[in-house]
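Visitor: how would this look folded up:
(chains A and B, ligands or ions: 2)
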Amino acid sequence: MTFNYDVPGDDFTRAGEASGDLKKKLKKLGFPSSVIRRVSIALYEGEINMVIHANGGHITADVNTDEINLTLADVGPGIPDIEKAMQDGYSTASDQVRNLGFGAGMGLPNMKRNSDEISIETELGVGTTVRMKILNQ
Amino acid sequence: MNVRDTAEKCGFEIVAGEEALDRDISGVYCCDLLSFAMGRAPEDCAWITVMGNMNSVAVASLADVACIVLCDGVRPDAEMMKKARQEDIAILCSGVPAFETGKMIFDTI
Ligand SMILES: Nc1ncnc2c1ncn2[C@@H]1O[C@H](COP(=O)(O)OP(=O)(O)OP(=O)(O)O)[C@@H](O)[C@H]1O
Ligand SMILES: [Mg+2]
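Guide: Numbering: from 1, shown residues only, chains lettered A, B, ... in the order given. Ligands and ions are numbered 1, 2, ... in the order given. Purely as a prediction, here's the structure:
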């Protein structure tokens, strides 16, 4: 089963909508709450990153009984140094965004911790694609 | 102890989430940075924060906490209230700072 979501850029009133919707769908499909929680956390962090850092993007969630594959693609600025971006506490978030509680630099580490596999493809000025796999176990 | 009884015993005002008040609280977590809360707040905890905007509700729902407790006299804004209704998230308001708020809940549950 595949679910698609368009994520609007810079719209905090809708940020988290895709993650919230997928969470409800997984609940209906009967996935265990531990798996739903990991998918929700990983997807929310990726969704918010697209809103804050990349002016929006597109999410594809491929749901199977044994695994869930999430693809988050944007045409934003790209990430200059992925290794740095993956470190706890590294953030380029603006003051405006920090005032809302974002910008701890914990999003990508949360995505890594909550997924079984993560890969990030990025090119400066072209965009970023994050792929995450969460096993149903 | 459930959210309703905890709020009553601690003297916190219940401002949203009538549907979610029977949920049991099994711990307390305290942090205002959303990604910290997302990554570290345990399921079914009372999450104490001063962030009274709708993003807190999204985090609370996805991290599956029992309720949000706004401390230090912070009130939720209109969008937070609306989202809390949509997501069935209970919001309590406490007039005292985070540590005191957390200690009261910890001593009560
Ligand atoms: N999709 C993206 N496009 C461009 N840059 C990104 C993207 N995702 C992350 N980044 C860069 O990586 C950094 C670290 O991301 P991470 O999610 O860990 O922290 P944050 O978003 O800054 O703060 P937090 O997630 O804790 O609110 C960001 O500050 C940003 O510079
Ligand atoms: Mg982030």
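
Visitor: which bits of chain A sit near ligand 1?
Guide: With C-beta under 6 Å from any ligand atom as the criterion, chain A meets ligand 1 at residues A:45, A:49-50, A:52-54, A:74, A:76-77, A:79, A:85, A:90-93, A:102-108, A:128. No exception for glycine: its C-beta is placed from N, CA and C like everyone else's.

Visitor: List the ones among those residues that fall in helices.
Guide: A:45, A:49-50, A:52-53, A:85, A:107-108 (DSSP state H).

Visitor: which of the residues you listed lies closest to chain B?
Guide: Taking C-beta to the nearest C-beta as the measure, A:Gly107 is the one of those closest to chain B, at 5.0 Å.

Visitor: where does that closest one land on pLDDT?
Guide: For A:Gly107, the pLDDT comes out at 98.

Visitor: which of the residues of chain A next to ligand 1 come close to ligand 2?
Guide: A:49, A:107 (C-beta under 5 Å from the ion).

Visitor: Weed out the non-buried ones from the residues of chain A next to ligand 1.
Guide: By neighbour count, with 16 or more other C-beta atoms under 10 Å in any protein chain shown, those hold A:45, A:49-50, A:52-54, A:74, A:76-77, A:79, A:85, A:91, A:93, A:102-108, A:128 as buried.

Visitor: And the next helix or strand past the helix or strand hosting A:Ile36?
Guide: Assigned by DSSP states H and E, A:Ile36 belongs to helix A:33-53. Using DSSP H and E, the helix or strand that follows helix A:33-53 in sequence is strand A:56-63.

Visitor: so how far is ligand 1 from A:Leu43?
Guide: Relative to ligand 1, A:Leu43 is positioned 13 Å away (C-beta to the nearest ligand atom, to the nearest Å).

Visitor: What is the neighbour count of that residue?
Guide: When neighbours are counted by other C-beta atoms under 10 Å in any protein chain shown, A:Leu43 registers 30.

Visitor: excluding its backbone neighbours, what's nearest it?
Guide: Leaving aside its sequence neighbours, A:Leu43 sits nearest to A:Ser19 (C-beta to C-beta, 6 or more residues apart in numbering or on different chains; 4.4 Å).

Visitor: ok, now A:Pro109?
Guide: A:Asp88 is the one closest to A:Pro109 (C-beta to C-beta, 6+ apart), at 5.1 Å.

Visitor: for ligand 2, what are the nearby residues on chain A?
Guide: Residues of chain A lying near ligand 2 (C-beta under 5 Å from the ion): A:49, A:107.

Visitor: related to what we said a few turns ago, tell me the buried residues in the helix holding A:Ile36?
Guide: A:35-53.

Visitor: I'd like to know which elements that helix is packed against.
Guide: Packing partners of helix A:33-53 (3 or more C-beta pairs under 8 Å, 6 or more residues apart in numbering or on different chains; DSSP states H and E): strand A:2-8, helix A:17-28, strand A:56-63, strand A:67-74, helix A:107-114, strand A:127-135, helix B:34-40, helix B:54-63.

Visitor: From the centroid of chain B, which residue is nearest?
Guide: Nearest to the geometric centre of chain B sits B:Ile68, at 1.2 Å (C-alpha atoms, centre = their mean).

Visitor: and it, bridged to which residues?
Guide: B:Trp47, B:Ile91 (DSSP bridges).

Visitor: Tally up the residues packed near the residue nearest to A:Asp116 when sequence neighbours are not counted, please.
Guide: Distance criterion C-beta to C-beta, 6+ apart; nearest residue to A:Asp116, sequence neighbours excluded, is A:Leu135 at 4.8 Å. The tally of other residues near A:Leu135 (other C-beta under 10 Å) stands at 12.
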